[in-house]
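A.B. asks: Structure, please.
(2 chains)
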2 protein chains.
Amino acid sequence: MAQKPSIPKGTRDFNPEQVAKRNYIFNVVKKHFQQFGFQPIETPSFENYDTLMGKYGEEGDRLIFKILNSGDYLSKVDDALYASKDAVKMTSKISEKALRYDLTVPFARYVVQHQNEIEFPFKRYQIQPVWRADRPQKGRFREFFQCDADVVGSSSLFQEVELIQLYDAVFTDLKLEGVTIKINNRKILSGIAEVIGASDKLIDFTVALDKLDKIGEDKVKEEMLGKGIPQSGIDKLQPLFSLTGDFESQIESLKGILDTSEEGKKGIEELEFINNGITALQLETAKLQLDVTLARGLNYYTGAIFEVSAPENVKMGSIGGGGRYDDLTGIFGMKNVSGVGVSFGLDRIYLVLEELGLFPDTVTKSIDVLFINFGNTEALFCLKAIKTLRKEGVNAELYPDAAKMKKQMNHANKRNIPFVVLVGEQEMEANSFTLKNMQSGEQLKLNLEDLIKHLK
Amino acid sequence: MAQKPSIPKGTRDFNPEQVAKRNYIFNVVKKHFQQFGFQPIETPSFENYDTLMGKYGEEGDRLIFKILNSGDYLSKVDDALYASKDAVKMTSKISEKALRYDLTVPFARYVVQHQNEIEFPFKRYQIQPVWRADRPQKGRFREFFQCDADVVGSSSLFQEVELIQLYDAVFTDLKLEGVTIKINNRKILSGIAEVIGASDKLIDFTVALDKLDKIGEDKVKEEMLGKGIPQSGIDKLQPLFSLTGDFESQIESLKGILDTSEEGKKGIEELEFINNGITALQLETAKLQLDVTLARGLNYYTGAIFEVSAPENVKMGSIGGGGRYDDLTGIFGMKNVSGVGVSFGLDRIYLVLEELGLFPDTVTKSIDVLFINFGNTEALFCLKAIKTLRKEGVNAELYPDAAKMKKQMNHANKRNIPFVVLVGEQEMEANSFTLKNMQSGEQLKLNLEDLIKHLK
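C.D. replies: Predicted coordinates:
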């Protein structure tokens, strides 16, 4: 192989600095997941073909990576089908497994499969890669991590309150101040559709409303008309377009609009409960905002809908989202298990922290100290000290060869190592170590005890 | 879907307890990797088909999971090939990507691809899953984690010394005392083959020798004879079968056997250097043992060969292994990059720790305290205290519904939660909390400050 090797499009190598930064985010998120009582599970990278297919719509089915059966996989294909050379039909015959497309369906499968071992309500988190055969583009990859926390088996609205607190705790800890947690409720959207006589066009209605931010009021109305929503209904929507003020005053306006819809009123009640909880508990750095245009995966959500936006000074889509779904496990035959969950958009959070310079310097530090190698005897003397330092929690390393001093110092500089230790014959005789600060150039002659103190 | 869903054979779901135990091992290993100056990288789960194929032998090629191309993948297969219905030939036409089979080939690919950004010597670690279409059996899975640490770009034997120290540090920290780190050297094996006139039968010779533990001396000799190694040569091996005593005395015997082989003498020199280093630095709980029958992936290794055995009271194969290879990156066209590395067998280490009861109790603790829910007002009062507790590092949770007391207490018991807090009207009025120890039954009435102190 003469040319330089490469990796499949849409995938990434992560170098040590990138892994360290990603782990920093993961560790902060995990810490708060655990403080909130969520427990980790992990599922296999590939699931049975039938577990995944048909769960994400036609487009989703196409984007699922299928794994080719092993052995003589063509022998199981009957001649008539083979003769048709139809890739779609062939796939289910030559593939029995497929790579995870998200964490939600595998989680639903997990809950149903292990229902007898699980103590409900079950609060789980899961941080694992997923794969999608999407066209790669800036910020969209074929392999990326999802990071989900869900509670199943509880319809208490305190879960929604807790999940908002969780978002606030994580982003506060990441020093990412000023995120907006937008909230809506499927029942509000259904209620509005009902009131304007478009209950049968709920999807069209919400898809159009969801675009308000992007295309503006006039275009939204145009699209609704085009989809067959009557002008009289659209007129009734007018107060929605001019919803302003804080959470409470928006709620008051909604009460006016929705006073004839039982479902709409239920949605308002839920929003009020959640808002009261958050008002009592307060948020540290995030703000909660009612956004009646928020729809996300509407077919999926049955109650609260969440979406988190990065601070306004950063141009970035949503960095998290979630909501309540009342029938997660129904697809696998287990009814009436209500769930609610949120996810964190790792890749985007990474980009935001990078843009705002919020990664702590310590994250990308490789080691604390490099011992310069002046020969085998000195090296062995150094390794003894290194062993002691490591036991004290100091990350230390010996340059492996007695290379030229300049080369070794360059190595320390290139790796951003803050200190080097020099041990020659003199130091060995005096049982001492010369510690050099690579930034200031300052040198100190220390015994082992003081060396430890300086480096800890 | 009426029947309970399942997962593909050879794969596993990990429940919270299992994830916690696995993470415990990962975290200990990572800590020491970092203390020794290794830095993490991550590579994509799938590589280009050509990157992996042909690197693991014919058997390996068969065991690699291939990913089906997206879209109308059959349209690219020409009619003649299609008509042959030959699965092997077809695969390269309908699959361009394959799941990682190990971490070594992707690492070699990474080093070559990023050679201009890497500062050598490069010490990397990598902990990621790999996939093999092997027949699943007890302890053998189709998806499992590998955990590797390698240094590339340094031929210093201090690396071997450090890697032995690393094994010792990790297993000592895991409280797994009494592991044996077996060491051999490819040059010793080559030297012996040379001395007995079987240089052209090096593989046959080492494969037979490797079985000494399992089948005994007579059977080994028989197998060698069968492979065409002359009786006169086998006679010369006799001292090898009776090698006893410590490292030094075994080395002395080897010197006698190998005095006519330059390569053999080089091997002895290397072993002596490593042993001298370890003697000077000492091992905490592991022991280093020379084992001239150790061969492992011989074609691969060019110098030291390592294998770690679990303590003698546990029946388990090797829990780690590695060695020196002088041409890791040659397969991708980058010559003369020497490497040496070790790996940790996560699944087996897990089983050993489980068998010996070495997982700390704290590993599987879910949360520290559950707040019992007596109604919305009490719940909100509790959530305020919970928020404070979490800030203090306590993992705390509210039972989400005002369910019957017994049900809530059962939930705490089933999840092994050590404490519950009860807050009724009385407590709210007095701004206090009743803390109950679930093991002893003891109850204390505390203010928030004392509650924090008790739970921290």
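A.B. asks: In the stretch 51-200 of chain A, what residue lies closest to chain B?
C.D. replies: For the stretch 51-200 of chain A and chain B, the shortest gap (C-beta to the nearest C-beta) falls at residue A:156, measuring 3.6 Å. C-beta coordinates here come from the backbone N, C-alpha and C atoms, glycine included.
A.B. asks: Am I right that that residue is in contact with residue B:401?
C.D. replies: Yes: the pair residue A:156 / residue B:401 is scored as a contact, 4.9 Å apart, by C-beta atoms under 8 Å.
A.B. asks: ok, those two, which is more surrounded?
C.D. replies: Higher neighbour count among residue A:156 and residue B:401: residue A:156, with 22 against 17, using other C-beta atoms under 10 Å in any protein chain shown.
A.B. asks: May I have the predicted confidence score for that one?
C.D. replies: Here the pLDDT value assigned to residue A:156 is 96.
A.B. asks: Same question for residue A:298.
C.D. replies: Looking at residue A:298, its pLDDT reads 61.
A.B. asks: now swap in residue A:1 and tell me
C.D. replies: 46.
A.B. asks: Equivalent analysis for the one 4 residues further on, please.
C.D. replies: Reported pLDDT at residue A:5 in the predicted model: 94.
A.B. asks: Now for it: which residues touch it?
C.D. replies: By C-beta atoms under 8 Å, 6 or more residues apart in numbering or on different chains, residue A:5 lies in contact with B:48, B:51, B:109, B:112-113, B:332.
A.B. asks: Unless I misread the structure, it falls within a strand.
C.D. replies: No: with DSSP: H, G, I helix; E, B strand; the rest coil as the criterion, residue A:5 is coil rather than part of a strand.
A.B. asks: Look up phi and psi at residue A:137.
C.D. replies: Recorded main-chain torsions at residue A:137 are phi -150, psi 180, according to degrees, to the nearest 10.
A.B. asks: Quick check: the gap between it and residue A:102.
C.D. replies: Distance, residue A:137 to residue A:102, by C-beta to C-beta, to the nearest Å: 19 Å.
A.B. asks: what about stretch A:365-382 and chain B, touching?
C.D. replies: Yes: residues of stretch A:365-382 contacting chain B under C-beta under 8 Å from any C-beta of the partner chain: A:366-367, A:373, A:379-380.
A.B. asks: Centre of the chain to that stretch, how far?
C.D. replies: Distance of stretch A:365-382 from the chain centroid (C-alpha atoms, centre = their mean, to the nearest Å) equals 40 Å.
A.B. asks: Could you do stretch A:291-302 as well?
C.D. replies: 19 Å.
A.B. asks: Then stretch A:409-424?
C.D. replies: Centroid displacement of stretch A:409-424 relative to its chain, using C-alpha atoms, centre = their mean, is 37 Å.
A.B. asks: Need the mean per-residue confidence for that stretch.
C.D. replies: Here stretch A:409-424 scores 96 as its mean pLDDT.
A.B. asks: Kindly report the same for stretch A:428-446.
C.D. replies: Average pLDDT, stretch A:428-446: 97.
A.B. asks: Can you show me the helices along the stretch 301-450 of chain A?
C.D. replies: Along the stretch 301-450 of chain A, the segments classed as helices by DSSP state H, counting those that start in this stretch run A:346-356, A:376-391, A:405-414, A:425-430, A:448-455.
A.B. asks: quick one, which of the ones you listed is nearest to residue B:75?
C.D. replies: helix A:346-356 (33.0 Å; C-beta to C-beta).
A.B. asks: Please point out which parts of that closest one sit buried.
C.D. replies: A:346-353, A:356 (16 or more other C-beta atoms under 10 Å in any protein chain shown).
A.B. asks: And for stretch A:405-417?
C.D. replies: Those would be A:408-409, A:411-412, A:415, A:417, for stretch A:405-417 by 16+ other C-beta under 10 Å.
A.B. asks: Redo the residues you listed as a markdown table? Include distance to chain B.
C.D. replies: Below are these laid out as a markdown table (distance: C-beta to the nearest C-beta, whole Å):
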| residue | distance to chain B |
| --- | --- |
| A:408 | 11 |
| A:409 | 13 |
| A:411 | 7 |
| A:412 | 10 |
| A:415 | 6 |
| A:417 | 9 |
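A.B. asks: which one of these sits closest to residue A:40?
C.D. replies: residue A:415 (32.5 Å).
A.B. asks: before we move on, the earlier item: out of residue A:137 and residue A:102, which sits in the busier spot?
C.D. replies: Comparing residue A:137 with residue A:102 by other C-beta under 10 Å, the one with more neighbours is residue A:102, at 17 against 8.
A.B. asks: Residue A:124 is in what secondary structure piece?
C.D. replies: Using DSSP states H and E, the element containing residue A:124 is strand A:122-131.
A.B. asks: Which residues does that strand contact?
C.D. replies: Outside strand A:122-131, the residues that reach it (C-beta under 8 Å, 6+ apart) are A:26, A:29-30, A:33, A:36-43, A:45, A:65, A:99-103, A:107, A:111, A:142-153, B:16, B:45-46, B:397.
A.B. asks: roughly how far is it from the heart of the chain?
C.D. replies: 9 Å.
A.B. asks: For the stretch 201-350 of chain A, what lies in contact range of chain B?
C.D. replies: Checking the stretch 201-350 of chain A against chain B by C-beta under 8 Å from any C-beta, the hits are A:277, A:280-281, A:331-333.
A.B. asks: ok, of the residues you listed, which come out buried?
C.D. replies: A:277, A:281, A:331-332.
A.B. asks: Poorly predicted segments of the stretch 301-450 of chain A, please.
C.D. replies: The stretch 301-450 of chain A contains no residues with pLDDT under 70.
A.B. asks: Fine, thanks again, bye for now.
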